[in-house]
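>>> everything below, folded, please.
(2 chains)
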Amino acid sequence: MKIIVCIKQVPDAKDVRLDPITNTLARDGVQSIMNPYDEYALEEAVRLKEKFGGEVIVISMGPPQAEEMLRQAISCGADNAVLISDRSFAGADTWATAYTLEHAIKKIGNFDLILCGKQAIDGDTAQVGPGLATRLGIPYMTCVQKIREATEKGLVAERMMDDGFDVVAVDYPVLLSVVKDINEPRVPSIKGKMRAKKAEIVTFNAQTIEADPACIGLPGSPTKVVNVFPPSARGERSLLTGTLDEQIDQLVEKLLPYL
Amino acid sequence: MDYFLSEEQQMIVDTARQITDERIIPCRAELDEKHEFPRQILNEMARADLFGVPIPEEYGGFGGGCFDIVLTVEQLGRGCIGVGTAFSANFLGVYPIILAGSPEMKEKYLPDVATGKKFGAFGLTEANAGSDASGIQTTAVLDGDYWVLNGTKQWITNGGEAQIYTVVAITDRSRGPRGASLFVVEEGDPGFSCGPKEKKMGIRASSTTELIFKDCRIPKDRIIGRPGTGFITVMKTLDLSRPGIAALGVGLAQGALDIAVRYAKQRQQFGKPIIAFQAVQHMLADMAIGIESARSLVYAAAKHIQEHPKDMSKASSICKVYATDVAMKVTTDAVQVLGGYGYMCEYPAEKMMRDAKILQIYEGTNQIQRNVIGQELNKEYS
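Now for the predicted structure:
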C-alpha cells in the first residue's frame, strides 16, 4: 500500500499575532509546527502501513526550513519525505497549491491513498485536499473521523457530519482529509528519531515537477488578498434568561425588526 | 546545569520528557486515585522504544548503560514515580537474564522485552526476608526435567501485570546464601499465581502483589546461571538498578520544585508574591541545591557503574541514599510552600510527598545502604 500524506508547516497557534502596521501574520520569532490536523493524517497513514505493509511518503510545499518538519514526520513513522520548494511557489493560494501538489504527486507516481488534515490552522480554508483530489481526478472524502476497515482494494470510512456521520465505501485511489477524532498521534520513537536524522529529504522544484509558471505561486493564484485585519470589537451583547420558551419569544422579538 | 549529553542521550531524554508531559502528567492523579496500572502509558513508552534502552543491541535494544536508563527514569519520575516504578521494576526483573542468563534464555526473552511485548518483575522479598535476604523460605527442588517451586513472595512490583518473573529460591539450604538460585517463572506456569493488589500509601499506579508458588513446575532450563549463583546475581542486579531509583528521586524532586516555584510566584500574601519573602526563597533555594547535587551524584555514579561493573556497590548505595533522602525532603518542603493547598489532593504536591517515602524503603532501605557503604569503607581501609 502506497500512502502519500500532505503536511504543512504552520505558525504555532499558541503564539499568533498580527503585525499592527501591515495587518499580516507576524511570523518573526513565531515557532513553526506541523499543522496539528496533519499529525492525525500521518498517524493514520502509519497505522495503515503497520497493518498492510507498504510505504508512507510525506510531502510538503514550503520554504527550505519545512525540512525539519518532514524529518519529524519520519521520526513518527513515515518512510520517505519530499520537500516541494521553489521561490516561484511563494504566495500560492489554495488553487495554485493544489496545482503544485498535483504535479508533485504525479512525479512521485502511483499511489493508493492520499491523506490530508481537514484544514491547516493558519489559512483554515480546507480547500487544498478536495482541490487536489479534483485535479487528480480521484474521489475524496472530507472530515473522516474513522477508517472502519481497509483492504488492499479500498476502505470503508466514517465521514463526520453536523448531525452524525456517513459511512462511505470507496475504492483506491482516494483522498481522505481527517479530523482529530480519528486517532491519537504517537510520540516519536527513538529509532524513528535516529532514522530521521540520517534520512535524505528529496527536494522537488518547479522544474522537477514540470509546473507551468503561470499556474504557481502568486501569479498563478486567482485569489488576491486585498486586506487582512483583526475584527473590530464586538458590539452590544445580551444574555437571554428564563425558560426555553420565554427565551425563544425574546429572541423572536429581537430579530423581528431585522426581517 | 548542562551535563553535556550526547545526541543519542538527548534523544532519549526528549522522548521520555514528551511521554511524561503529554501522557503521564495529565492522568497521574486519576491513576493514583484509582490504584490503576498504567498499561496504556507503558504501551506508548514501548512504541517510543524506551523499553529498548538497556537491552543489548543483538536482542533488539539500544545497548544503553546505567546512565541511559537513569536519564530515562529521571524524566518519568518528574511525572509520576508510580509509573516510573512500574517501568524500572520491569528491568529489575530482566537484569538477571542480561547479567547471567544463557544465550538461549536471552534470545527467548529479551527481544520481547525490548519491544514492550513482555514485561518483567523481580521476586526476592518475602514476609520474613527483606533486608535480610538469608531468611528466604521459597524452595526449588529438581524433579527430573523440572524445577518445583514452593513458597510465597511478598510486595512484588508488577505482580499480576508482568509475563516474566525472576524469582529467588533456595536450592540448597545447607549452603546459606550460596544455596540460593534464580529462576524465570512465566505467567501461566502451572502452580504459579499472584495475590490481590496491595493498597499502598503512594506509587499507586504501580501494582504490588504476592507471588504464590504451589508445586509450581518449570522446565529445567529456566534456572538463571548455575545453581547457587542466585544471591550474587541478585546483588549485582540491585547494584545496577539502584541508580534508577535514585534517578526517580531526582525527577520527583524536580517535579515538586517546579510546582513549588510556580506557586510561590503566583500566590500573593501581604501584597506580594510569596517568592518575594526570604523564608520561602531560602526553602526553594535549598530544594534546588539538593536536587542539583543529587543529580550530579547520580549521573556520576551511573557512569562509574557503567565503566566499573566489578565495583558498583558503594557508588550505587551512595547515590540511592542521597537522592532519595533529597526527594523526601524536597517533596515535604513543596507541600509546605503550597501551604493549605499543598495538603489538598486537588494539587499534586501531597501525592509527591506520599510517593517519595517508598524511595527510602524499597530496593534496600536507606539504612541498609548505609550498612553497605560502611562495610565498603571498612574493606577499603583494611
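
>>> from here on, just use CA atoms for contacts and neighbour counts.
Will do.

>>> can you tell me the residue of chain A closest to chain B?
A:Ser189 (3.7 Å; CA to the nearest CA).

>>> got the phi/psi numbers for that residue?
phi -80, psi 160 (degrees, to the nearest 10).

>>> please name the nearest non-neighbouring residue to it.
Sequence neighbours aside, B:Ala48 is the residue nearest to A:Ser189 in space, at 3.7 Å (criterion: CA to CA, 6 or more residues apart in numbering or on different chains).

>>> what about the helix or strand hosting A:Val144, average pLDDT?
Per DSSP states H and E, A:Val144 falls inside strand A:140-150. Per-residue pLDDT over strand A:140-150 has a mean of 95.

>>> mind listing what's buried in it?
Within strand A:140-150, the residues scored as buried using 16 or more other CA atoms under 10 Å in any protein chain shown are A:Tyr140, A:Met141, A:Thr142, A:Cys143, A:Val144, A:Gln145, A:Lys146, A:Ile147, A:Ala150.

>>> check what pLDDT B:Ser88 gets.
The model's pLDDT for B:Ser88 equals 96.

>>> against which helices or strands is the helix or strand containing it packed?
B:Ser88 is located in helix B:81-100, with elements delineated by DSSP H and E. Contacts defined by 3 or more CA pairs under 8 Å, 6 or more residues apart in numbering or on different chains; DSSP states H and E place helix B:81-100 against helix B:66-79, helix B:103-114, strand B:120-123, strand B:146-157, strand B:164-170, strand B:223-224, helix B:230-266.

>>> tell me which residues are up against the third one.
Looking back up the chat, that one is strand B:120-123. The contact list for strand B:120-123, computed with CA atoms under 8 Å, 6 or more residues apart in numbering or on different chains, reads B:89-94, B:113, B:153-154, B:156-159, B:162-168, B:211.

>>> the helix or strand following it vs strand B:164-170, what angle?
Next in sequence after strand B:120-123, counting helices and strands by DSSP H and E, comes strand B:139-143. Counting by axes from the mean of the first three to the mean of the last three CA atoms, to 10 degrees, strand B:139-143 points 90 degrees away from the direction of strand B:164-170.

>>> report all helices and strands that strand B:139-143 contacts.
Using 3+ CA pairs under 8 Å, 6+ apart, strand B:139-143 is in contact with strand B:146-157, strand B:164-170.

>>> pLDDT (mean, whole number) over stretch B:76-83?
On average, stretch B:76-83 scores 98.

>>> now do the end-to-end distance for that stretch.
End-to-end distance of stretch B:76-83 (CA to CA, to the nearest Å): 7 Å.

>>> which residues touch that stretch?
Counting by CA under 8 Å, 6+ apart, B:16-17, B:19-21, B:24-25, B:28, B:37-38, B:84, B:202-206, B:247-256, B:352, B:355 sit against stretch B:76-83.

>>> repeat that for stretch B:150-164.
By CA under 8 Å, 6+ apart, stretch B:150-164 touches B:85-86, B:89-90, B:93, B:118-127, B:137-140, B:184-187, B:194-195, B:197-198, B:206-216.

>>> next: stretch B:253-272.
For stretch B:253-272, contacts defined as CA under 8 Å, 6+ apart pick out B:77-79, B:273-276, B:280, B:284, B:287-288, B:291, B:326-328, B:330-331, B:334-335, B:337-338, B:349, B:352.

>>> mind redoing it with 6 Å?
Applying CA atoms under 6 Å, 6 or more residues apart in numbering or on different chains, the contact partners of stretch B:253-272 are B:Arg78, B:Pro273, B:Ile274, B:Ile275, B:Ala327, B:Val330, B:Thr331, B:Ala334.

>>> apart from its neighbours in sequence, what residue is nearest the fourth one?
Excluding its sequence neighbours, the residue lying closest to B:Ile275 (CA to CA, 6+ apart) is B:Ala264, at 4.8 Å.

>>> residues near the one you found, how many?
Residues lying near B:Ala264 (other CA atoms under 10 Å in any protein chain shown) number 20.

>>> do you know the pLDDT at it?
At B:Ala264, the pLDDT value in this model is 98.

>>> which parts of chain A sit against chain B?
By CA under 6 Å from any CA of the partner chain, the residues of chain A that approach chain B are A:Pro188, A:Ser189, A:Ile190.

>>> number of nearby residues for the nearest residue to the first one once chain neighbours are set aside?
This means A:Pro188. Distances taken as CA to CA, 6+ apart place A:Cys76 nearest to A:Pro188, at 4.6 Å, with adjacent residues excluded. Look at A:Cys76: counted by other CA under 10 Å, it has 24 neighbours.

>>> show me where chain A has strands.
Taking DSSP state E as the test, the strands found in chain A are A:2-6, A:9-11, A:32-34, A:55-61, A:80-84, A:113-117, A:140-150, A:154-161, A:164-171, A:174-178, A:202-204.

>>> which other helices and strands contact the first one?
Using 3 or more CA pairs under 6 Å, 6 or more residues apart in numbering or on different chains; DSSP states H and E as the contact definition, the elements that strand A:2-6 packs against are strand A:55-61, strand A:113-117.

>>> C-alpha coordinates for that strand, CSV please?
These are the backbone C-alpha positions of strand A:2-6, laid out as CSV (Å, rounded to 0.1, in the frame of the first residue of the first chain):
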residue,chain,number,x,y,z
LYS,A,2,1.4,3.3,-1.0
ILE,A,3,0.2,6.3,1.0
ILE,A,4,1.0,9.9,0.4
VAL,A,5,0.4,12.3,3.3
CYS,A,6,0.3,16.1,2.6
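
>>> which strands border it, and is each parallel or antiparallel?
Sheet pairing here is set by DSSP bridges, and for strand A:2-6 it gives strand A:55-61 (parallel), strand A:113-117 (parallel).

>>> over to the longest one?
Its sheet considered, strand A:140-150 pairs with strand A:154-161 (antiparallel), strand A:174-178 (parallel) by DSSP bridges.

>>> tell me which of the ones you listed sits most buried.
Of all these, strand A:174-178 has the most neighbours on average by mean count of other CA atoms under 10 Å in any protein chain shown, namely a mean of 25.

>>> which residues sit against that strand?
Where contact means CA under 6 Å, 6+ apart, the residues beyond strand A:174-178 that reach it are A:113-118, A:138-144.

>>> mean confidence score for it?
Here the average pLDDT along strand A:174-178 is 97.

>>> just the buried residues of the contacts of stretch B:76-83.
Among these, the ones that count as buried by 16+ other CA under 10 Å are B:16-17, B:19-20, B:24-25, B:28, B:37-38, B:84, B:202-206, B:247-256, B:352, B:355.

>>> picking up where we left off before, quick one: closest of the helices and strands packed on helix B:81-100 to B:Ile12.
helix B:66-79 (6.5 Å; CA to CA).

>>> taking helix B:81-100 as reference, get the angle to that closest one.
Going by the same axes, to 10 degrees, helix B:66-79 makes 160 degrees with helix B:81-100.

>>> sounds good, over and out.
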